[in-house]
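>>> Using only what follows, build the 3D model:
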Amino acid sequence: MPLLDVTTEMSNAIKMCRKKAKIRGDILSKDLKKNTSFISYLENGRINKIDSNLLYNIFEIILPDKEERITTINKLIHDLNFSLSEEEIEKQEWMKMMDLQYRILPIPDNIVTFIESSLRQLELSPEELVSYINENKELTTSCSKEEYDELEVNKVYIRIENESKGFSETLKIKFNMPSHFIEDIINKKIIRCNYVSLLVIIKSIYEIEGNNDCYENAKQFLQDNKFYTLSEKRTFMKNKNIDMLSNYDIKSRKIIQLLINQFIAIDDTHPDFLQDKLEVLYNNIKTEPSLTFASLSKDLSGLKNLSMEQKKDFIADYSDLILKYKQYILNEIPAIEEL
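The predicted structure is shown next:
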């Protein structure tokens, strides 16, 4: 099974998520069927390598809810990706693995059209392409049976090598794609997916067509259609090449700028009004992003004609609701001697 280098950033990420989940290190170690001091050693830099499956298991135990796991890990790797140097990022195999596994992206219409037209030209059904992908021919020829059996399905495994010409990466994914997956993409029932799912679809189309360098050509096709890994996006941002960003990235940045302009206008009109509120908002996003954005996504425009008293009542009810659920947490969490 591929081993990953344990970096300080990985150790800190595990420790932060574990503490937030209020799981003791020795309990987590036992859940992983490891020595009770395993997590302590891992978080304190006393372990140099970790099995890829074990790292997946750690985050799955700490973050059992899939949506919360995706949100939390995406925020982690995003923050690190834009704070570390190029040299430091190249050492973070685990970050690239998590990026490819958990970062869910909108599927561009151009790619959907390409998949549909390619299948028509090849006289293949979406289900037949899925069956081809699930044969995992490349893996069965490049891996031993033991290594192949150890790979968990639909999970990314990565190895980065420092060669004379620079860094090279090797990906291994044992696909067990649902039979309806590609059909659902074409019919827009699935509008988002991770990077490797589209990569293998395009690569497989190229293989069936008899093209050469299918892997590199598939990566270039996705890049040409603005479907990027986080490291590719980082490069564009670093070079201030905004035109290379996807349409949804550009739209998001326009909305963010509109928000900033609105905040500045309020701050200019009412000095000291926003500061404490923005600090609370920032802290909420940092500590509980999924619940914060779920709350922010609620449309309040229909309440604009409420009287001032009714608005005060609304805020009071909302505050009471927060206190109510805080009390649930206080009642349910046992005393923890040490995190």
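
>>> tell me the SS of Y157?
strand (DSSP: H, G, I helix; E, B strand; the rest coil).

>>> List the contacts of it.
M1, P2, S52, M97, L151, L171, K172, I173 (Cβ atoms under 8 Å, 6 or more residues apart in numbering). Every residue, glycine included, has its C-beta placed from N, CA and C.

>>> So what sits opposite it in the bridge?
Per DSSP bridges, the residues bridged to Y157 are K172.

>>> List the contacts of I285.
Going by Cβ under 8 Å, 6+ apart, I285 touches T292, F293.

>>> if we go to 6 Å?
Contact partners of I285, counting by Cβ atoms under 6 Å, 6 or more residues apart in numbering, are T292.

>>> Next one: it from R46, what distance?
33 Å (Cβ to Cβ, to the nearest Å).

>>> ok, now R234?
30 Å.

>>> where along the stretch 51-200 of the chain do the helices fall?
The residue ranges that make up the helices of the stretch 51-200 of the chain, judged by DSSP state H, counting those that start in this stretch, are 52-62, 66-81, 86-90, 93-102, 109-122, 126-134, 137-142, 145-150, 181-186, 195-209.

>>> angle of the first one against helix 93-102?
By that I understand helix 52-62. 60 degrees (axes from the mean of the first three to the mean of the last three Cα atoms, to 10 degrees).

>>> Okay, buried residues for helix 52-62 please.
Buried residues in helix 52-62, counting neighbours by 16 or more other Cβ atoms under 10 Å, are found at S52, L54, L55, Y56, N57, I58, F59, I62.

>>> quick one: which of those residues is nearest to S252?
Nearest to S252 among the buried residues of helix 52-62, counting by Cβ to Cβ, is F59 at 25.9 Å.

>>> quick one: secondary structure of L4?
L4 - assigned by three-state DSSP - is strand.

>>> so which of the helices of the stretch 51-200 of the chain comes closest to D224?
Nearest to D224, of all those, is helix 109-122, at 8.9 Å by Cβ to Cβ.

>>> quick one: the closest one to helix 126-134, angle?
Using the same axes, to 10 degrees: helix 109-122 against helix 126-134 is 100 degrees.

>>> starting at the chain centroid, how far to helix 109-122?
Mean C-alpha position of helix 109-122 versus that of the full chain (Cα atoms, centre = their mean, to the nearest Å) differs by 26 Å.

>>> In the protein, which helix is the longest?
helix 308-332 (DSSP state H).

>>> Below-threshold pLDDT in the stretch 101-250 of the chain: ranges please.
160-168, 236-246, 248 (pLDDT under 70).

>>> same thing but 90
140-147, 150, 158-171, 226, 228-250 (pLDDT under 90).

>>> Many thanks, we can stop here.
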